[in-house]
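Participant: Please work out how this folds:
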Amino acid sequence: MIIGTTIMHDGSGTVPYYSPVFPRGGLAALFSLNVTQVGGTPSLDIDVEHKNADDTSFTSVGAFTNITTVGVKTKDLSSLKEQIRFKYTYSAGSLGDFMHVIVAAPAWRPYT
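Facilitator: Residues are numbered from 1 along each chain as shown. Sure thing, here's the model as predicted:
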């Protein structure tokens with residue numbers, strides 16, 4: 001069994017990939033992911049987006065630092081709205097480059 005998601009570079013880098021939308025579990029959270037494989041020389045940008053149920057569009061609440069290597073990456077964010085998703089976009093690389101990413105469940109907490 002393979003766990004995680006392999007995100008391929010589309011050649012232009014302008015087409016974003018989105019995670020499924022999931023509900024907020026607290027007003028703040030530590031988001032974590034583990035990049036287990038990198039093929040080529042891609043640079044992956046991951047934005048955490050949020051919105052309330054009555055909003056018409058998502059907005060970015062924060063972003064992971066540009067990802068180019070394997071390893072665990074984290075981002076601590078607060079003032080989260082009701083619905084959350086991840087937006088994955090390549091800012092560098094070429095067609096066929098990829099990253100394999102395992103996204104952990106957020107560590108939710110109250111806003112302090």
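
Participant: Could you list the low-confidence segments of this structure?
Facilitator: The chain contains residues with pLDDT under 70 at 112.

Participant: quick one, strands of it?
Facilitator: Taking DSSP state E to define them, one finds strands in the chain at 5-8, 17-18, 22-23, 28-39, 43-51, 59-63, 71-78, 83-92, 98-103, 107-109.

Participant: Pick the most deeply packed of those.
Facilitator: Highest mean neighbour count of the strands of the chain: strand 43-51, a mean of 20 (counted as mean count of other Cβ atoms under 10 Å). For the C-beta atoms, the positions are set from N, CA and C on the backbone; glycine is no exception.

Participant: pull the CA atoms of that strand into PDB?
Facilitator: Extracted C-alpha coordinates of strand 43-51, given in PDB (Å, rounded to 0.1, in the frame of the first residue of the first chain):
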ATOM      1  CA  SER A  43       9.800  23.800  -6.000                       C
ATOM      2  CA  LEU A  44       6.400  23.300  -4.400                       C
ATOM      3  CA  ASP A  45       4.300  26.100  -2.800                       C
ATOM      4  CA  ILE A  46       1.600  25.000  -0.400                       C
ATOM      5  CA  ASP A  47      -1.000  27.500   0.700                       C
ATOM      6  CA  VAL A  48      -3.500  26.700   3.500                       C
ATOM      7  CA  GLU A  49      -6.800  28.200   2.400                       C
ATOM      8  CA  HIS A  50      -9.900  28.800   4.400                       C
ATOM      9  CA  LYS A  51     -13.500  30.100   4.200                       C
END
